[in-house]
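[1] Sequence and predicted structure below; questions after.
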Amino acid sequence: MSRLSVIIVNYNAGGRLARCLAHLARQTVRDFETIVVDNGSTDGSVERAQGGGFAVEYDLAGTNLGFAAANNRAAKRARGEWLAFLNPDAYAEPDWLEQLLAGG
C-alpha cells in the first residue's frame, strides 16, 4: 500500500496536465500513487500526458462526471493511507509531499 494517493481530475486541461505530472515525478517522497480521472476530455490532454516515464493510473470516465463525483470515484480506488487532491493546473514543488507528510 502506498502511503499517499494523489488524485487529479482532468477535463480538457491541455498541456497543463502533462506539466502537473512532470512536477509530481520530481517529488522527494517516492511512496505515492497517482490517479488521474479524466472527465471525457476531447483535447488530447490525457494522450499528451501519457508515456512520460512516470507511473500514473488513468481512469477514463468517458463523460463529464463533475469535479466532486470524479474525486470520489478516484478516492474509492485509492490505496494510500492519505489522499492528496491536486488540480491539473497546480505544479507541485519537489518537496510538496514531503512537507505534507511532515505535518501529519
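    Structure's in. What do you need?

[2] May I see the buried residues of stretch 27-36?
    Residues of stretch 27-36 classed as buried: 27, 29, 32-36 (neighbour count, 16 or more other C-beta atoms under 10 Å). All C-beta spots, glycine's among them, are computed from the backbone N, C-alpha and C.

[3] and which of those is nearest to Ala74?
    Ile35 (4.5 Å; C-beta to C-beta).

[4] Next, the contact list for Ser41, please.
    Residues near Ser41 by C-beta atoms under 8 Å, 6 or more residues apart in numbering: 10-13.

[5] Export those residues to JSON lines and append columns for secondary structure, pLDDT and neighbour count.
    As requested, the contacts of Ser41 are exported to JSON lines (DSSP: H, G, I helix; E, B strand; the rest coil; pLDDT from 0 to 100; neighbours: other C-beta atoms under 10 Å):
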{"residue": "Asn10", "secondary structure": "strand", "pLDDT": "98", "neighbour count": "27"}
{"residue": "Tyr11", "secondary structure": "coil", "pLDDT": "98", "neighbour count": "20"}
{"residue": "Asn12", "secondary structure": "coil", "pLDDT": "98", "neighbour count": "17"}
{"residue": "Ala13", "secondary structure": "coil", "pLDDT": "97", "neighbour count": "24"}
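
[6] Arg48: which of the residues you listed is nearest?
    Closest approach between those and Arg48, by C-beta to C-beta: Ala13, at 9.4 Å.
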